[in-house]
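[1] Show me the folded form of this:
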Amino acid sequence: MQQASWIAVDWGTSNLRLWAIGPEGQVLAERSSADGMGGLEPDRFEPALLALAGDLLAPERKTDVLICGMAGARQGWVEAPYAAVPCAPAGGAPTPAPARDSRLSVRILPGLSQAGPADVMRGEETQIAGFLAGHPDFNGTLCLPGTHTKWVRVADGRITRFRTAMTGELFALLSTASVLRHSVSIEGFSEAAFLDGFDQAAASPLTLALDLFSIRPASLLADTAPEASRARLSGLLIGAELASVRDFWDGCPVVVIGTAALSQRYREGLHRLGAEAAISDHPALALEGLRAAHARFAKEKT
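    Sure thing, here's the model as predicted:
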């Protein structure tokens, strides 16, 4: 295996993903493991990194390792302070992380913070930087759906404001740890049920708590299929979310960045509400953001 000129790392709560970058900027290797931040004590980050990338390090020199994501959280490898918006994504100074191995020079990119309403992100800003590297003139909203969905306004290459919706986490909790678990399947999906729930919540988000409970009696009284209940739950939550962030998508272009199935649901919902929305199909925006940050730091050194 050819040794890396530098290593790009996206360190999430559940997974670790890295790319070994060669002297011409080419990807020499891409690797991942389940050693996410959520399962590691601070002194276990370096061993987890070495287990995945030790053979990629040159023995006679230090290899730069640039990390984004949850390794910079307070409970991570070392806390990387937040940069306050408005600012360029992934534009703040990285924080050095302590490493015993003499072959390592590790830095962690900061997350972003917003004072009012209070909000933070850590990792998504690097995906945004990767998107803007390929679309430098984009002015509009980026939606990054997931466990904690981010709605981000971007103008002139800077993030001006953002909000986080706990829609994905609410779906997981309600479907597995509430009374709705008796009515909702683990798998399966009904497009019609999703759209029905979406339209209801988008039109009347204030009744969300009432409409959520109705999933349970519908399964008892009307024998609603579990996969339809699952889809309706998703539709209700996403519909209410989109109704609450109208100021982010109304009258401006939106690009959705996420997994294919979830991105499609968000785009479909936005289209039903009259918004202009597209999906980014780039497979590795975090890598592109890390590339842009690394190039900037290399330029600042010269």
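
[2] Show me where the stretch 51-200 of the chain has its helices.
    Here the stretch 51-200 of the chain has its helices, by DSSP state H, counting those that start in this stretch, at 124-134, 167-177, 191-203.

[3] Adding mean neighbour count, write these out as CSV.
    Every C-beta, even on glycine, is put in place using the N, C-alpha and C of the backbone. Shown next, in CSV, are these (neighbours: other C-beta atoms under 10 Å):
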stretch, mean neighbour count
helix 124-134, 25
helix 167-177, 16
helix 191-203, 19
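
[4] out of the ones you listed, nearest to Leu104?
    helix 124-134 (20.1 Å; C-beta to C-beta).

[5] got the CA positions of the closest one in PDB?
    Extracted C-alpha coordinates of helix 124-134, given in PDB (Å, rounded to 0.1, in the frame of the first residue of the first chain):
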ATOM      1  CA  GLU A 124     -22.400  19.000   8.500                       C
ATOM      2  CA  GLU A 125     -20.400  22.200   7.900                       C
ATOM      3  CA  THR A 126     -17.700  20.200   6.100                       C
ATOM      4  CA  GLN A 127     -20.300  18.600   3.800                       C
ATOM      5  CA  ILE A 128     -21.500  22.200   3.100                       C
ATOM      6  CA  ALA A 129     -18.000  23.300   2.300                       C
ATOM      7  CA  GLY A 130     -17.700  20.400  -0.100                       C
ATOM      8  CA  PHE A 131     -20.900  21.300  -1.800                       C
ATOM      9  CA  LEU A 132     -19.800  25.000  -2.100                       C
ATOM     10  CA  ALA A 133     -16.500  23.900  -3.500                       C
ATOM     11  CA  GLY A 134     -18.400  22.600  -6.500                       C
END
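
[6] Give me the contacts around that helix.
    In this structure, residues lying in contact with helix 124-134 by C-beta atoms under 8 Å, 6 or more residues apart in numbering are 10, 68-69, 88-91, 109, 111-112, 138, 142, 144, 150, 152, 154, 157, 159, 255, 257, 280, 282, 284-293.

[7] Around His294, how many other residues sit close by?
    22 (other C-beta atoms under 10 Å).

[8] wait, I meant Val27
    Neighbour tally, Val27, other C-beta under 10 Å: 14.

[9] how close does it sit to Ala8?
    Noted for Val27: a distance of 9 Å to Ala8, by C-beta to C-beta, to the nearest Å.

[10] coming back round to it: of the helices of the stretch 51-200 of the chain, which approaches Trp19 most closely?
    Among the helices of the stretch 51-200 of the chain, the nearest to Trp19 by C-beta to C-beta is helix 124-134 (12.1 Å).

[11] what does the average pLDDT come to for the closest one?
    Summarised as a single mean, pLDDT over helix 124-134 is 96.

[12] now swap in stretch 166-176 and tell me
    On average, stretch 166-176 scores 98.

[13] Can you give the contact residues for it?
    Outside stretch 166-176, the residues touching it (C-beta under 8 Å, 6+ apart) are 145-149, 180-181, 184, 212, 230, 233-234, 237-238, 241.

[14] at 10 Å instead, please
    Identification of contacts with stretch 166-176 by C-beta atoms under 10 Å, 6 or more residues apart in numbering yields 145-149, 178, 180-181, 183-186, 208, 212, 215, 229-230, 233-234, 236-238, 240-242, 244, 258, 262, 266.
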